[in-house]
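> next comes the sequence, and after it the predicted model I'd like to discuss.
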Amino acid sequence: MNPHIRSPRPTRPAPRPLLAFALALAVAFTAGCGDKSLILRVDLLSFLTPEEQDAHYGPVPGGITDSVEVVRSRRLNLLPGLEDVASVSDVQLEVGAIIDNLTGAGRGRIGVYLSPGGTDPFVADTTPIEGTFEVDGAMSDTIQTVHVGDTDLAELFTSKEAQIGIRVVLESTAGGPPLEGDIRLTTLRAVVTAKEAVFE
Amino acid sequence: MLHRIALAVIALVAIAGPASAQSFDARRLGMGGIIVSEVTGSATQNVAYRAVPKPGKSFGGYNAIPLPLGLIQYFANPPEFDPDNPNFNVFEIAALIGRTPWTLQLIESEPLSSDVVIDIAQNSLAVDLGELQRLFPDESIRYGISWQSPNFEFGTRNVFAGVRPQTDGFNSLDLDPALQQALAEGAPFEPNSVYGVTDVAQGQTAIAFTAGAALPLVAPRDAPEGDPRRGGFAVYAGARLKYLSGVAFWRGDAAGSFATGDTIFGSTTPIEASYSADIRDASNPKFGAGSGTGGDFGVAMFVDHFEIGVGVTDLGSSVKWDRTDLRRITYDSATDENQTVVLERDVPYTSRYPVTGSLNVAYRTGHTMVGGTLDRTSNERWIPRVGFETWSGTVPVRAGAYVDTYKQVQFTGGSGFKLGSIGLDVALATNSRGITASRGLELAASLALYN
């Protein structure tokens, strides 16, 4: 285990009555409104602690591959009852991060793993959403990726909870100084588009 | 599932409102629903009109028999009532309740249609209802019906007695300013804030035994053939007193709220919700469960082709119920418990009927009449109306407009023909009933039996 990985804080499930109220309201008023949608824009980043939004990587010696878990298997409380009342037609996941590399050169990829509640996302999700970057010496890089059209994600976001994990994999260039720096999540947002189904 | 559907229908009907602004008489509807002395039902809204002489040939007095065109449409294409059927649509059920059986929907109004966007973050929640925001105006959301027919009334123009049912129902929903702004303007829900809603609903029915008199205070002077509509001066007044035998009564006063914590979606400060409703109802609904009195009053004046009328119905109408029960139903999320406590049992209670009325003005010249009416409805709204009618031989042309309870102008028009003592009137009228901002178009028709 990499000694520089910061341990995430215990998970904090979000209480749901107000979400349920908002959902009920939205479903009531999208019902029968023709070809219109219920759009949930969830700022997942805001539910992470500051410690979960930043991670330090390295030093990774040249020629070595290592990984950092930015978010370690955190539970996400989604909207209860959504699967009963709405059929999710699309899920879009936006991921953004800033890399502040201090030393070394290499490539990296940030992976967002999502899986059903109660499972280990790093095991259950074999096709994580990934964004890549390359660094060389002291520099900053920005990752911004938008993932759309994933049917597995659509199914996941109609359930009442899910697990999320975020991991950065680093490949340090052989022969160079150790790869070391910081990564900060800037965007983690899900946009769920649903059609009402309660009165169909 | 069924009760969720029932709740949805009730909610939608409460928001959409009924067809209360409509007249069943096609002639009157074609004139924007205005009241003038010669239209059917004028004496119901202004009892003084009972004493006004029947109009001459220039302004046909008549009895209207509305044709139930809406029933034809219903039976030709009935909605699906089985919630398990894929064709079931709760909006169609709500729309059905909002319609009248007397009108044929030619063009359905477009339901409000809008994406609903919910933005969620740990300390933020915003709901953008788009066009649906207009459903939450910055005032009470009121719904009311008043039903007083069939009205069996016998007697002369000046003295009469009768019997009729007297039923009214209303619902008044108020959001507090913070909740109203959150729903109507998409304002974010704030931490450490309380959002509340209050609702008052009441329904009651009684049998009204009536007796009254309508007399000329000033008999027609200088009126051609004694018809004050054609000129001259006359003043009439009337009163209809009622003895009300109460049958059934129900009233609910409810208040609900929820409070956000330091963090809207934080784990240590959960949303606290509470609800309290006081429900009072007649212990034993039956004929004679309560008794009361009330009255309708009216004045009409004719001055040189002008007609002015003021009618007030149910002034002071109330029923004292002999025995009512009062229960308080509460819910508190802190304990997650529903509780029902009986506060009173078999105690007398006095309920009131809403005062409704109308102020109307008309001017006649030749075969043409223009008029206006300001209606006070049972849900405490003012409805202004204007209308016009002119006759060319046996064919009338009518037009009118009124402002509905959503403050949207609606337009009407109509025509027909008269053959001897029988006529047929048709009217086209726009409406915005239901959850809509657009106008639909409906057709009404009625037979006219001229005096």
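Done, it's in. Numbering: from 1, shown residues only, chains lettered A, B, ... in the order given.
> rest of the way, CA atoms for contacts and neighbours
Fine.
> can you tell me the centre-most residue of chain A?
Against the mean C-alpha coordinate of chain A, by Cα atoms, centre = their mean, the closest residue is A:V112 at 4.6 Å.
> what's next to stretch B:243-251, contact-wise?
Applying Cα atoms under 8 Å, 6 or more residues apart in numbering or on different chains, the set of residues contacting stretch B:243-251 from outside is B:200-210, B:279-282, B:284-294, B:318-321.
> hmm, try it at 6 Å
Residues outside stretch B:243-251 that contact it (Cα atoms under 6 Å, 6 or more residues apart in numbering or on different chains): B:201-209, B:279-282, B:285-293.
> returning to what we had before: please identify the helix or strand for the residue nearest to the centre of chain A.
A:V112 is located in strand A:105-116, with elements delineated by DSSP states H and E.
> now find how far off-centre that strand is within its chain.
Once both centres are worked out by Cα atoms, centre = their mean, to the nearest Å, strand A:105-116 turns out to sit 9 Å from its chain's centre.
> following element in sequence after it, please.
Proceeding N to C from strand A:105-116, the next assigned helix or strand is helix A:121-124, under DSSP H and E.
> buried residues in that following helix?
Of all the residues in helix A:121-124, those buried under the rule 16 or more other Cα atoms under 10 Å in any protein chain shown are A:121-122.
> what helices or strands is whichever helix or strand comes after it leaning on?
Past helix A:121-124, further along toward the C-terminus, the next helix or strand under DSSP H and E is strand A:129-136. Using 3 or more Cα pairs under 6 Å, 6 or more residues apart in numbering or on different chains; DSSP states H and E as the contact criterion, the neighbours of strand A:129-136 among helices and strands are strand A:105-116.
> residues in contact with the strand it packs on?
In this structure, residues lying in contact with strand A:105-116 by Cα under 6 Å, 6+ apart are A:121, A:124-125, A:128-137, A:162-173, A:179.
> any low-confidence regions in chain B?
Counting by pLDDT under 70, chain B contains low-confidence residues at B:1-23, B:56-61, B:83-84, B:86-99, B:266-271, B:435, B:451.
> go again with 50.
With pLDDT under 50 as the threshold, chain B has low-confidence stretches at B:1-21, B:269.
> same deal with chain A?
Counting by pLDDT under 50, chain A shows low-confidence ranges at A:1-16, A:32-34, A:198-200.
> run through the strands of it in chain order.
Taking DSSP state E as the criterion, chain A carries its strands at A:38-43, A:54-60, A:65-77, A:86-103, A:105-116, A:129-136, A:139-148, A:161-172, A:179-196.
> circling back to that earlier point, tell me the strands beside the strand holding A:V112, with direction?
According to DSSP bridges, the neighbouring strands of strand A:105-116, each with its direction, are strand A:129-136 (antiparallel), strand A:161-172 (antiparallel).
> quick one, the first one and strand A:179-196 angle?
It refers to strand A:129-136. Calculated by axes from the mean of the first three to the mean of the last three Cα atoms, to 10 degrees, strand A:129-136 forms an angle of 160 degrees with strand A:179-196.
> give the partner strands of the helix or strand hosting B:R345 in its sheet and their orientations.
B:R345 belongs to strand B:337-352 when elements are defined using DSSP H and E. Each strand pairing with strand B:337-352, determined using DSSP bridges, is listed with its direction: strand B:306-332 (antiparallel).
> flag every buried residue along the strand it pairs with.
Within strand B:306-332, the residues that qualify as buried are B:306-315, B:317-332, counting by 16+ other Cα under 10 Å.
> which strand residues bridge A:R167?
Beta-bridge partners of A:R167, as defined by DSSP bridges: A:E69, A:G111.
> list the contacts for B:F170?
By Cα under 6 Å, 6+ apart, the contact list for B:F170 reads B:143-144, B:201-202.
> for the closest residue to it other than its chain neighbours, give its distance to chain A.
With Cα to Cα, 6 or more residues apart in numbering or on different chains as the criterion, B:F170 has its nearest non-adjacent residue at 4.0 Å, and that residue is B:G144. Spatial separation of B:G144 from chain A under the definition Cα to the nearest Cα, to the nearest Å is 22 Å.
> equivalent analysis for B:L125, please.
For B:L125, the distance to chain A equals 8 Å [Cα to the nearest Cα].
> over to B:S37?
Applying Cα to the nearest Cα, the value for B:S37 to chain A is 43 Å.
> orientation of the helix or strand B:L241 falls within relative to strand B:306-332 in degrees?
Secondary structure from DSSP H and E places B:L241 in strand B:233-259. Put simply, strand B:233-259 runs at 20 degrees to strand B:306-332, going by the same axes, to 10 degrees.
> adjacent strands (with direction) for strand B:233-259?
Note on strand B:233-259: by DSSP bridges, its sheet partners are strand B:194-221 (antiparallel), strand B:272-282 (antiparallel), strand B:290-303 (antiparallel).
> so which of those strands is the most packed in?
Between the strands paired with strand B:233-259, strand B:290-303 has the highest mean count of neighbours, a mean of 23, where neighbours are mean count of other Cα atoms under 10 Å in any protein chain shown.
> who's in contact with that strand?
B:46-48, B:232-246, B:307-322.
> which residues of the stretch 51-200 of chain B lie near chain A?
Applying the criterion Cα under 6 Å from any Cα of the partner chain, the portion of the stretch 51-200 of chain B that neighbours chain A consists of B:113-122.
> farthest pair in the residues you listed?
In terms of Cα to Cα, these reach their longest pairwise distance at B:S113 and B:Q122, which sit 29.0 Å apart.
> who has more neighbours out of those two?
The residue with more neighbours, out of B:S113 and B:Q122 and counting by other Cα atoms under 10 Å in any protein chain shown, is B:S113; that gives 22 against 19.
> for that one, grab phi and psi.
phi -140, psi 120 (degrees, to the nearest 10).
> cool, B:Q148 as well?
Backbone torsions for B:Q148, taken as degrees, to the nearest 10, come to phi -130, psi 40.
> what about the closest residue to it other than its chain neighbours, distance to B:G295?
Taking Cα to Cα, 6+ apart, and ignoring the residues beside it in sequence, B:Q148 has B:Q166 as its nearest neighbour in space, at 4.8 Å. Counting by Cα to Cα, to the nearest Å, the gap from B:Q166 to B:G295 is 12 Å.
> could you do B:L326 as well?
For B:L326 relative to B:G295 (Cα to Cα), the value is 29 Å.
> thinking again about what came up before, quick one: closest of the strands of chain A to B:V52.
strand A:179-196 (57.3 Å).
> for the closest one, buried residues please.
A:179-181, A:183-196.
> now check it, is it near chain B?
No - for strand A:179-196, no contact with chain B is found by Cα under 6 Å from any Cα; the gap never falls below 9.2 Å.
> which outside residues touch the strand holding B:R345?
In this structure, residues lying in contact with strand B:337-352 by Cα under 6 Å, 6+ apart are B:317-331.
> which among the residues you listed gets closest to B:Y402?
Here the nearest of the contacts of strand B:337-352 to B:Y402, counting by Cα to Cα, is B:S317; it sits at 28.1 Å.
> ok, so of the contacts of strand B:337-352, who is nearest B:A427?
For B:A427, the closest of the contacts of strand B:337-352 turns out to be B:S317, at 34.3 Å, with distances computed as Cα to Cα.
> I'd guessed that closest one sits against B:T356; true?
No - counting by Cα atoms under 6 Å, B:T356 is not a contact partner of B:S317; they are 10.9 Å apart.
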